[in-house]
Every structure is written in C-alpha cells, then in structure tokens.
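**Q** have a look; sequence and predicted model below, questions after that.
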Amino acid sequence: MSWTLEGGQPIWQQLCRQLERQILVGTYPPGGRLPPVRELAAQAGVNPNTMQRALAQLESDGLTAANRTAGRTVTADPDVIENLRRRLARLAMAGYLEEMTALGYSRRQASELLKEECEHEG
C-alpha cells in the first residue's frame, strides 16, 4: 500500500482516512486481519504510536476490533462499512458542490453537469 502524507492535517488523521479507504476497496476485507501496528507504521514511515492512534480511532468508529489472540480485524458488519462509504461519498459531493459554486454554478447546474458527464461516459 502506498501512503501519502501531507501537511495541514495531523498525520494520524491522514493515516486513518487512508486505512478507511483501504477497507472500502477491499485491501483489508470485512472480517479480515490488519497487519500489526509496527508493520503498518514501517510501511507508512511513521512512528508506531502515530499509527496506533489512527487504529484506535478506527476501533472507536467501529471499523476495527482488537482481539488479544487474533490481532486487529476489520468489522464484518456490512452496515458499518456502508455507513462509512456514504459518509465519505457525502464529503466528496460537498467538495464538488463547493468547487462548482466557486466556479459560479448553481447546485442545479452542477447537478446537470454531473448528470451529463455520467451519461456521456456510460
């Protein structure tokens, strides 16, 4: 997995977002095991404590669970994963609408442009 870290947002939050996306695309499937904290931290080039903070947030959000014997696993609950997918989709849509408004389009016009693009592509 390729990790991208930028300034402007705490590293642990960036790691959390990237892990969420990896769960959504199936890199870490529902019910599957995540690599150990130290391994993930080495891959990302960050301190294990920073990665642990990101993983603790995922656990707090219900996306992962820590088991003493099995390590950390991704939730097998499809509702939790779908809720994450919808939350991230809404954030992406909000970003799209914000950008289109900055370009002078109304929400309706932005919606029409998106619809046209989807029809053109499909």
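**A** That came through fine.

**Q** so residue 13 belongs to a helix, correct?
**A** Yes - Residue 13: assigned to a helix according to DSSP: H, G, I helix; E, B strand; the rest coil.

**Q** and the most far-flung residue of the chain relative to its centre, what helix or strand is that in?
**A** Computed with Cα atoms, centre = their mean, the residue of the chain farthest from its C-alpha average is residue 104, at 29.5 Å. Element membership of residue 104 [criterion: DSSP states H and E] is none; it lies in no helix or strand.

**Q** can you map out the helices along this protein?
**A** Per DSSP state H, the chain carries helices over the ranges 11-24, 37-44, 48-60, 78-102, 107-121.

**Q** okay if I get these as JSON lines plus mean neighbour count and distance to residue 3?
**A** Backbone N, C-alpha and C define where each C-beta goes, glycine included. Output for the helices of the chain, formatted as JSON lines (neighbours: other Cβ atoms under 10 Å; distance: least, Cβ to Cβ, whole Å):
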{"stretch": "helix 11-24", "mean neighbour count": "18", "distance to residue 3": "6"}
{"stretch": "helix 37-44", "mean neighbour count": "16", "distance to residue 3": "4"}
{"stretch": "helix 48-60", "mean neighbour count": "17", "distance to residue 3": "10"}
{"stretch": "helix 78-102", "mean neighbour count": "12", "distance to residue 3": "18"}
{"stretch": "helix 107-121", "mean neighbour count": "11", "distance to residue 3": "30"}
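
**Q** ok, of these, where does mean pLDDT dip lowest?
**A** Summarising mean pLDDT across those, the least confident stretch is helix 107-121, with a mean of 92.

**Q** by contact count, what packs against that helix?
**A** If contacts are counted by 3 or more Cβ pairs under 8 Å, 6 or more residues apart in numbering; DSSP states H and E, helix 107-121 sits against helix 78-102.

**Q** so for residue 4, which of the helices of the chain sits nearest?
**A** Of all the helices of the chain, helix 11-24 sits nearest to residue 4, with 7.3 Å by Cβ to Cβ.
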